[in-house]
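> 3D, please:
(chains A, B, C and D, ligands or ions: 4)
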Amino acid sequence: MTKMTYAEAARLALKEEMERDSTVWALGEDLGFEGGMGGQYKDLQAEFGIDRIVDTPISEATIMGAAIGAALAGTRPIAELRFSDFAMCAVDELVNQAAKARYMFGGQARVPMIARMPIGIRGGIAAQHSQSPEAWYTHVPGLVVVTPATPADNRGLLKAAIRCDDPVVYMEHKGLWGTEGEVEENDSHPIPLGIARKVVTGNDLTIVTWSAMVDIVEKAALSLADEGISVEVIDLRTLWPWDRDSVFSSVKKTGRLMVVHEAVQVGGFGAEITSEVSEHLFSMLKAPVKRMGGARIPIPFSIPLEAAYMISKEQIINKSKSFFS
Amino acid sequence: MTKMTYAEAARLALKEEMERDSTVWALGEDLGFEGGMGGQYKDLQAEFGIDRIVDTPISEATIMGAAIGAALAGTRPIAELRFSDFAMCAVDELVNQAAKARYMFGGQARVPMIARMPIGIRGGIAAQHSQSPEAWYTHVPGLVVVTPATPADNRGLLKAAIRCDDPVVYMEHKGLWGTEGEVEENDSHPIPLGIARKVVTGNDLTIVTWSAMVDIVEKAALSLADEGISVEVIDLRTLWPWDRDSVFSSVKKTGRLMVVHEAVQVGGFGAEITSEVSEHLFSMLKAPVKRMGGARIPIPFSIPLEAAYMISKEQIINKSKSFFS
Amino acid sequence: MAQVQTNEPARIFNMYKKMLLIRAFEEAAAENFHAGNVRGSVHQYIGEEAIAVGICENLRNDDLLTSYHRGHGHSIAKGADPRAMMLELFGRVGGTSGGKGGSMHIADFSVGMLGANGVIADGCTISVGAAQAIKLLKQDKIIVNFIGDGGINRGPFMEALNWAKVYELPVLFVCENNQIAATTTTKTVTAGDGIEARAKSYGIPAITIDGNDLLLVDRTAARIVDEIRAGSGPQLIQAMTYRLKGHYAHDEALYRNPSEVESALKNEPMPRTETWLKDQGVSIEEIEKAKDEAKKLMANYVSDAHEAPWPDISDAFTDVQDVGSPAEGTNL
Amino acid sequence: MAQVQTNEPARIFNMYKKMLLIRAFEEAAAENFHAGNVRGSVHQYIGEEAIAVGICENLRNDDLLTSYHRGHGHSIAKGADPRAMMLELFGRVGGTSGGKGGSMHIADFSVGMLGANGVIADGCTISVGAAQAIKLLKQDKIIVNFIGDGGINRGPFMEALNWAKVYELPVLFVCENNQIAATTTTKTVTAGDGIEARAKSYGIPAITIDGNDLLLVDRTAARIVDEIRAGSGPQLIQAMTYRLKGHYAHDEALYRNPSEVESALKNEPMPRTETWLKDQGVSIEEIEKAKDEAKKLMANYVSDAHEAPWPDISDAFTDVQDVGSPAEGTNL
Ligand SMILES: Cc1ncc(C[n+]2csc(CCOP(=O)(O)OP(=O)(O)O)c2C)c(N)n1
Ligand SMILES: Cc1ncc(C[n+]2csc(CCOP(=O)(O)OP(=O)(O)O)c2C)c(N)n1
Ligand SMILES: [Mg+2]
Ligand SMILES: [Mg+2]
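Residues are numbered from 1 along each chain as shown, chains lettered A, B, ... in the order given. Ligands and ions are numbered 1, 2, ... in the order given. The predicted structure is shown next:
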C-alpha cells in the first residue's frame, strides 16, 4: 500500500495502461506542460511523446469527435474535456455519435473511448465551472458513467474504463484531486464497472452516494453511529450500470433509503434510485425514501451563497435522524 | 371552436404574438419556404419579412447563441432547432449561457427566448432524429420545460412561452404535427406555465404523462374504464415547473401512481415524479409507484424494432391492471 | 481531357457502371419510399454520382471514408454491397446494419465506410480523429470526408479543418457543392468566397472542380490521394454539382426554378460520361446493356429485400453496450 | 503617428488614466487572490490595457460589448464601476452581480457590458444575436466582441464570423492576440495565417495592428467603429499584444522563456504611452500623480470590499427564474 492522491492514482492508471497498450492515448488542451487541471497527466507527455499525449486547439467538439473517429479506427483515446461544463460544447458528438455508433451500425462499430470530464464544486469557480451533470449521461443509451470517489477507485476504475469497449463518461471530482488515500501499487487490476463499494456497514438506514459526497456521508455515518444510528453507506462508483443488487440487498436489510448527491436534486440520478427502490421494495420500506441534492439554482460564486448550495455533514445527520423521529 | 392541427395551432400562436409584439421573431434553418418541419412557420416569412422569420446557415450553436444575444439585447427570439437531437449541437449555449445569464449576472440580465426543439419518434427516423431528452432540461436551473400534447395547448403554451421572461425549452412532438383538435380561436390567452390538465377523471389510479403519450394513455384509460378500473389521467404540460399540487391531490385520492413517458426510462423525468410522490405521500400509497418509459437503447430504424421501443395502449392497460392483481 | 491510357475506356466504363448502380439504387430507394416499403428519410444522390465514383476509384479498400446524410452513393462507390444496403433501407435481416440504422446511418466497416451521418458535419471531426489513429498506428491509409455545401457553415467542420492541418493529417475533404441545402440556396447563407477560400485560410490546399466531369474528378483525386498518402497533409476538393431531385424523397423541390433544373439536366454526369465513352468507341448497345443490368440487379435486390425476414424483436436490445441491462425499463 | 489635434494629449492622458485603473485593478485582484480574499480564477489583463481602452474610447455608452474570461479590462474601459467590480470579486453585496458571478462573469449591463464569459467563444455567438436585435430594433448601436487568440479555434467563433457577414451585422470582432492560450503557444495549434486570413475568407475586412500602441488602436477603432455604425457590416481587428502575467493569478507561467517576458516588458503599453505623453509635454509629476491616484483608488475599493457585507443566504435563491420553486430540493 502506498499513499497517493486521487490525481496521482489516475495518473498511475493511465501510465500503466499506456505502457500496456500502445493504442491508448489522450487528447485535450494543455496536457503537456500543465499536465491536466489536477496533474493527472503530469510528465506523461515527456514519457510517451506528443502523439500520445496530444495538446489540442481549443476545439471541444473536435476533441470529442476526433476521439470517436480514433476509436472507430482502432485506438483507445481519452478525450480530456477539463470540466464537464465545457464538455457540453461536445454533447452532440458524445450523445449522437459515440453513444450510438455501435448500435446504429448494427454492431459493426465499437467506440472504446473515454470522455473525461471532471464535475463538481471547487471553491468559487461559479456557474460555468462547477456543474455535476452525471444524470444526463445515465439517461443516454450506450454510455457508461463512472464517478470515482477515492484514489484507489480512481486508479482501478480508470483502468477499467480504458479497457472498456464502449464509450465511458469518466467524471472525476475537481474537489478531490488533492485528497490522499491508500493505493495497492502492486495490484494493477481494474475495478469492474457496475460494482458498488460498501463504505460503512450498518443496519438502520442505507445511504447511497458517490463522488465527493462519499467522504462527507461517511463522516456523517460515523457521527450517527455515536448517536446509536447504524448507517450503511454505499458508494455507487458507477452510475451506469448502477449496482442494483447491492443497493437492494442493503435496503432489504435496513428498510430505509436516502440518496445523497451534489448535483441538482430535481432530475438528478438520485430520483432513479429512490424511484426503483420505491417501486420494487415497497413492502420492505419502513419509511419513505429520501433524497438530498442541490437546489435548482446555478452555482453561485460568493462563499456564503456557494455554501448554501452545498450539502453539509450536519444536514445529512439531521435528515438521517428524521427517519427515526 | 375551430378544428385545427397541432402545427396550425402553433403557427396561429406565433402569428398572434408576432402581431402583438414587434420584438418577437424566429430564426432557424429553412423557415421561409419550408415553413418548418411541421408547417408551424408556414407563410409567416411572407407576412413578417425575412428579418423576423430568419433563414439561417446550418449553425446550431449560433442559432442558439444568437437567440441568447438577441434576448439580452431587448428582443424575444424563438430559436428553432428542428430536432431536439440537433439542439445538442447547442447545449452549451443553452445550459451555460441562456439558463445562467440572469443568475450569474445577479439579475441584471433577462433572457426571454425560446429554444424550440421537437422530440419523439415519428416513424423510421432512427437514432439521431427520435430522441426525447426533456429530462435533461428539467435538471438545469434557469430553464422552463414545456411539452404540449394537444393543438389547444400548443397554442396557449407557446404564447405563454413567448411571453415568459426566462428561457423556455419548448418541445413539441414530431408525431403530433398533423393531429387535429378543437381550438378556441377567439380566446387568445396564454395557458399559464406549470398547470397540468386533467384529461380523464378517475378514482383508482393516477397516470401522469405528457406529450404524445397523453393520447395513448387516454385511450388506455377509456378501455380500463370499461373493465371497471377508474383511471385519472394527468397531462403535465410543463415539466418545469411541474404541477405538484395536481399530481399530489390526485394521488391522495387514488392512492396509486404510474408515470408514462416515451423517453428512456432510466434517468427520465418519471423518476422525479415517482420519487417525490414516494417520499411525500408514502403513507397514502396503496401500492408501489410504477413507471413506464423506453428501454435504454438508441431508437432503432426497422419497424418491429422501433415498435419494440414504443409503449402501446395494451402495455399501459396491462401494467395498470397489475396494480390491482 | 487528359491523355487516354490504353485501358482507360474500360476503366472509365467500369466507373460508369458504378454510377449506374448508384443511380439505380437511388431510384429504387425513392420508389420504395413512395410505396411505403422504406421509411424515414431517403436523400438521393442523383446527379452527383461522378464525385463519389471518381474519388473512390482512387482509394484502397482499407482507406476510410465518412459521409453525411446523402450517403448511399459514397457507400456503393467505396465498395459496400448494394443488396445489403437495400435490405437495410427495408429494415430487414441481412441489411448492412441489420435494420438498426436505415438510410441515414448506412455504413459498411468492412470496406472502410465508417458511416453516413444524420447530424451535419459530425463526420468531419470523426474523420480527423480517424486520421490521427492512422498516424498513431503507422498505417499508410488515408480518410476521405464528404460534406455538403450547407454543412460547411457548422463550426465542427471549421474546427476539423484547423485540426487536420495542425497535425498534418491524411484527410481529403470533399465538399460536394450542389448549391443548395434543403430548401436554402447556400450562397445566401455563406459569406465570402466559399469553402475553397476558407480551406486556404487554414493553409489547406484546395481546388474547385466540375464534379459532374467524371474524368476530371478521377484525375484530380488520383493526384491528391497520392499526395496525401505521401504525406502532404490534408487537402480539400470542392466539387461543383447539382442535386437533381428534392432534398429527400418526400420533397418535390417546388422552391426551384424549373428552368434551372432543366439546364442542370443537360450538365449531369451520366450523359456526359456516356458521350465520352461513345467517343472512345464504346457502343450504344454496351451502354444500354449496362443500364439494363443495373436496373435488373436493383430489381432483384428489391425483391430480396421484400422477402428478407424482419429482425427479431430481441435484436432491439443487442449491440447497445457490454455492461448494464438495456432492457431495464423495457416494455417487453 | 497621426496629426495631433489640440486636445489630443488631454484625451490620451485620460485614456492612459483608464489604463492605470485597469492595471491597478488587476494588481489588486491578484494580490487579494493570493491573500485568499478573492476566490476562483482571476485572469489578469496586465500588458493588454491599450486594446480595451483604445477600442472603448470610440464607443458610446449604449454600444454593447461582450468579453471572455479575461474581462476586467474590457469592463472598466466600457465604463463599469471598478469599485462595484472589486466588491464582486470579493463576493460581496454591492458587487456588479451581487456576488453571484465573480471575476469570470463580470458584467455591467448599465454600460452595455454584457458579460465576461467562462466558456471560450460563447460571447461570439451572443454578439451576433445582439447585433441582430440592434438591427431589428432599428438602433444605431454597434457591438464589440473581444476574443483571445486561443479562442479563434472554437467552431462557434467561426460560425459567428460567417453569420455576422451573412446578415451584415454591426459587429466589431477584436482578437487580442497575446500569442498564448493558457500554457499553449497558439501558433502551434492554429493552422494557416491566423485570424486575419480567416476573417477575410468570410469576406470580413480585417486588419492586424500593434495592440500595445494605444494611439494606433484608438485611431483604428475610430475609423472602423464609424464605418460599422454607418453600415459597413462586420469587421475584425487583430491586436497583437503579450500577456505579461500567468494565465491566471495562480499560474507562475514557468513554461515561458524569461527572456521573452523581459523583451515584452520593453514593449508594454504603459511606458510606451507615458513616453508619448511626455513627448507631448505632460510632466512626470502629472504622470506619477495619476499612477498614485489609481493605486489609492484601488486601495479604497479593496477596503470597501473588505467592509461590505456578505450576501444573505436567501440571495442564493433569487434571480433564477419567475416560475417554479428553485428551493425545491434545497438543504436549507
Ligand atoms: C446539425 C444538423 N442541422 C440540421 C440538419 C437538417 N438537415 C439535414 S440535410 C440539411 C441540408 C444539408 O445541405 P448540404 O450540406 O448542402 O447537403 P445536401 O443535402 O445538399 O447534400 C439540413 C439542414 C441536420 N441533419 N443536422
Ligand atoms: C470552451 C472552453 N474550453 C476551454 C476553456 C479553458 N480555458 C480557459 S482560458 C483558456 C485559454 C484561452 O486562451 P485565449 O483565447 O488566447 O485567451 P487568453 O487567456 O490568452 O486571454 C482555456 C483553454 C474554457 N474556458 N472554455
Ligand atoms: Mg448541398
Ligand atoms: Mg491568448
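> got a list of what the closest residue to residue C:319 other than its chain neighbours touches?
Distance criterion Cβ to Cβ, 6 or more residues apart in numbering or on different chains; nearest residue to residue C:319, sequence neighbours excluded, is residue A:107 at 4.0 Å. (Each C-beta comes from the backbone N, C-alpha and C, glycine too.) Shown in contact with residue A:107 (Cβ atoms under 8 Å, 6 or more residues apart in numbering or on different chains): C:97-98, C:318-319.
> who wins for neighbours among these?
When the contacts of residue A:107 are compared by neighbour count (other Cβ atoms under 10 Å in any protein chain shown), residue C:97 ends up highest, at 30 neighbours.
> how far away is it from residue A:68?
17 Å (Cβ to Cβ, to the nearest Å).
> circling back to that earlier point, tell me the secondary structure for the residue nearest to residue C:319?
coil (DSSP: H, G, I helix; E, B strand; the rest coil).
> tell me which two in the contacts of residue A:107 are the farthest apart.
C:97 and C:318 (11.9 Å; Cβ to Cβ).
> and the residue nearest to residue C:319, its phi and psi?
Backbone geometry at residue A:107, expressed as degrees, to the nearest 10, gives phi 90, psi 0.
> same question, residue C:213
Dihedral angles for residue C:213 - degrees, to the nearest 10 - are phi -100, psi 100.
> so it makes contact with residue C:49?
No. Counting by Cβ atoms under 8 Å, residue C:49 is not a contact partner of residue C:213; they are 12.0 Å apart.
> and those two? which has more neighbours close in?
Legend: neighbour count by other Cβ under 10 Å for residue C:213 and residue C:49, higher for residue C:49 (30 against 23).
> so what's that one up against?
Applying Cβ under 8 Å, 6+ apart, we find residue C:49 in contact with C:18-19, C:22-23, C:73, C:269-270.
> what about 6 Å?
Counting by Cβ atoms under 6 Å, 6 or more residues apart in numbering or on different chains, residue C:49 makes contact with C:19, C:22, C:73, C:269.
> in chain C, which residue sits closest to chain A?
Going by Cβ to the nearest Cβ, chain A is nearest to residue C:125 of chain C, at 2.4 Å.
> buried stuff in stretch C:134-152?
By neighbour count, with 16 or more other Cβ atoms under 10 Å in any protein chain shown as the criterion, the buried positions of stretch C:134-152 are C:134-136, C:141-152.
> among the residues you listed, which one sits closest to ligand 4?
Closest approach to ligand 4 among those (Cβ to the ion): residue C:152, at 26.5 Å.
> my guess is the closest one meets residue C:196, correct?
No. Under the criterion of Cβ atoms under 6 Å, residue C:152 makes no contact with residue C:196, lying 10.4 Å away.
> what about residue C:17, how many residues nearby?
So residue C:17, with other Cβ under 10 Å, has 16 neighbours.
> tell me if it really is in a helix.
Yes. Counting by three-state DSSP, residue C:17 is found in a helix.
> now it, nearest residue through space, not along the chain?
Counting by Cβ to Cβ, 6+ apart, residue C:17 lies nearest to residue C:290, which is 5.3 Å off, once chain neighbours are set aside.
> for that neighbour, give me phi and psi.
Note on residue C:290: its backbone torsions stand at phi -60, psi -40 [degrees, to the nearest 10].
> gap between the nearest residue to residue C:244 once chain neighbours are set aside and residue C:27?
Counting by Cβ to Cβ, 6+ apart, residue C:244 lies nearest to residue C:47, which is 3.4 Å off, once chain neighbours are set aside. For residue C:47, the distance to residue C:27 (Cβ to Cβ) stands at 12 Å.
> the more surrounded of the two?
Comparing residue C:47 with residue C:27 by other Cβ under 10 Å, the one with more neighbours is residue C:47, at 24 against 16.
> output stretch C:34-46 as PDB, nothing but the C-alphas.
Taking C-alpha atoms only, stretch C:34-46 is exported to PDB below (Å, rounded to 0.1, in the frame of the first residue of the first chain):
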ATOM      1  CA  HIS C  34     -43.200   6.300 -52.000                       C
ATOM      2  CA  ALA C  35     -44.600   2.800 -51.900                       C
ATOM      3  CA  GLY C  36     -44.200   2.700 -48.200                       C
ATOM      4  CA  ASN C  37     -41.600   0.000 -48.100                       C
ATOM      5  CA  VAL C  38     -38.800   2.300 -47.000                       C
ATOM      6  CA  ARG C  39     -39.400   4.600 -44.100                       C
ATOM      7  CA  GLY C  40     -37.700   7.600 -42.600                       C
ATOM      8  CA  SER C  41     -35.800   9.800 -44.900                       C
ATOM      9  CA  VAL C  42     -34.200   9.000 -48.300                       C
ATOM     10  CA  HIS C  43     -31.700  11.500 -49.600                       C
ATOM     11  CA  GLN C  44     -31.000  10.700 -53.200                       C
ATOM     12  CA  TYR C  45     -27.500  11.200 -54.700                       C
ATOM     13  CA  ILE C  46     -28.900  11.500 -58.200                       C
END
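> so residue A:200 touches residue A:221, yeah?
Yes. Assessed by Cβ under 6 Å, residue A:200 is found in contact with residue A:221 at 4.6 Å.
> for whichever residue of chain C sits closest to chain D, which non-adjacent residue is closest in space?
Per Cβ to the nearest Cβ, residue C:155 is where chain C lies closest to chain D, at 2.0 Å. Counting by Cβ to Cβ, 6+ apart, residue D:155 is the residue found nearest to residue C:155 once chain neighbours are left out, at 2.0 Å.
> what number of residues lie near the one you found?
Residue D:155: 28 surrounding residues under other Cβ under 10 Å.
> same thing with the one 4 residues further on?
Counted by other Cβ under 10 Å, the residues lying close to residue D:159 total 30.
> so who does the residue of chain C closest to chain D touch?
Residue C:155 touches B:61, D:155-156, D:158-159, counting by Cβ under 6 Å, 6+ apart.
> reformat those residues as TSV; add distance to ligand 4.
Shown next, in TSV, are those (distance: Cβ to the ion, whole Å):
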residue	distance to ligand 4
B:61	21
D:155	18
D:156	17
D:158	17
D:159	20
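> quick check: the farthest pair among these?
B:61 and D:158 (9.9 Å).
> tell me where the stretch 1-150 of chain A has helices.
Assigned by DSSP state H, counting those that start in this stretch, the helices in the stretch 1-150 of chain A fall at A:6-20, A:44-48, A:60-72, A:84-87, A:91-92, A:101-104, A:134-138.
> tell me which of these lies nearest to residue C:54.
Taking Cβ to Cβ, helix A:60-72 is the member of the helices of the stretch 1-150 of chain A nearest to residue C:54, at 24.0 Å.
> just the angle between the closest one and helix B:60-72, please?
Per axes from the mean of the first three to the mean of the last three Cα atoms, to 10 degrees, the angle that helix A:60-72 makes with helix B:60-72 is 160 degrees.
> for helix A:60-72, what is the distance to the chain centroid?
The chain centroid and the centroid of helix A:60-72 are separated by 21 Å, computed with Cα atoms, centre = their mean, to the nearest Å.
> can you give me the helices for the stretch 101-250 of chain C?
Under DSSP H, counting those that start in this stretch, the stretch 101-250 of chain C gives helices at C:122-136, C:155-166, C:195-201, C:214-229.
> near ligand 1 at all, the second one?
No. Between helix C:155-166 and ligand 1, judged by Cβ under 6 Å from any ligand atom, nothing touches; the nearest distance is 8.8 Å.
> what's the per-residue pLDDT of the residue nearest to residue C:319 here?
According to the prediction, residue A:107 has pLDDT 98.
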